[in-house]
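Asker: structure of the sequence below:
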Amino acid sequence: MPGTNRPTLRDALRTVPPIVLGAVALGGVIGSLARYGLLVAFPPQPGRFETATFLANAIGGLLIGALMVVVTDIAPDRRLLRPFLGAGVLGGFTTFSTFIVGVGRAVDAGAALLALAYATATIAAALAAAATGMWATRRLTARRRR
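Answerer: Presented below is the predicted three-dimensional model:
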């Protein structure tokens, strides 16, 4: 909006230490390459369930849930852990933009029911996986502390 005094992205990035930006960038490369590996193993086909993107989002959800417990409860003092693994690796690995494209591809191929099932299954799986990752990490770390 004209006339607002909000900082620009450039201004906001200047406040982030270069080491943090580097951690996010390096992690993003690793996560994106891992997702690409899934796409090679399970190439998308119009009108078919997009397995690679579904797996990336479900596995990513599980790992994000586990990571959030680690960075908040176990190792909150590791300042590069969350940017590297969370924003970088898992941000590059999970892909909700590709998920939306997959829904659109299914609709364009005349498979509206598949699009609905894929959309619902992906969101449900990612959320359930994140909750499972948090729960399992808390249980595993509680056992080790005893």
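Asker: give me the phi and psi angles of the residue positioned nearest the centre of the chain.
Answerer: Compute the mean C-alpha point of the chain, and by CA atoms, centre = their mean the closest residue is Thr94, 3.4 Å away. Taking degrees, to the nearest 10, you get phi -80, psi 150 for the backbone angles of Thr94.
Asker: same deal with Thr15?
Answerer: Given degrees, to the nearest 10, the pair of backbone angles that Thr15 has is phi -90, psi -10.
Asker: and it, what's its pLDDT?
Answerer: pLDDT for Thr15: 89.
Asker: how near is it to Asn5?
Answerer: 16 Å (CB to CB, to the nearest Å). For every residue, glycine as well, the C-beta is placed using N, CA and C.
Asker: among the two, which residue is more densely surrounded?
Answerer: In this view Thr15 and Asn5 are compared by other CB atoms under 10 Å, and Thr15 has more residues nearby, 7 against 4.
Asker: quick one: contacts for that one?
Answerer: Applying CB atoms under 8 Å, 6 or more residues apart in numbering, one finds that Thr15 lies in contact with no residue.
Asker: next helix or strand past the helix or strand bottoming out on mean pLDDT in the chain?
Answerer: Using mean pLDDT, DSSP states H and E, the weakest-scoring helix or strand in the chain turns out to be helix 9-14, at a mean of 84. On the C-terminal side of helix 9-14, the closest following helix or strand by DSSP states H and E is helix 18-41.
Asker: need the residues that contact the next helix or strand after that next one.
Answerer: Scanning forward in sequence from helix 18-41 by DSSP H and E, the next helix or strand is helix 51-69. Residues from elsewhere that reach helix 51-69 (CB under 8 Å, 6+ apart): 35, 38-39, 41-44, 81-82, 85-86, 90, 93-96, 98-99, 102, 118, 121-122, 125-138, 141.
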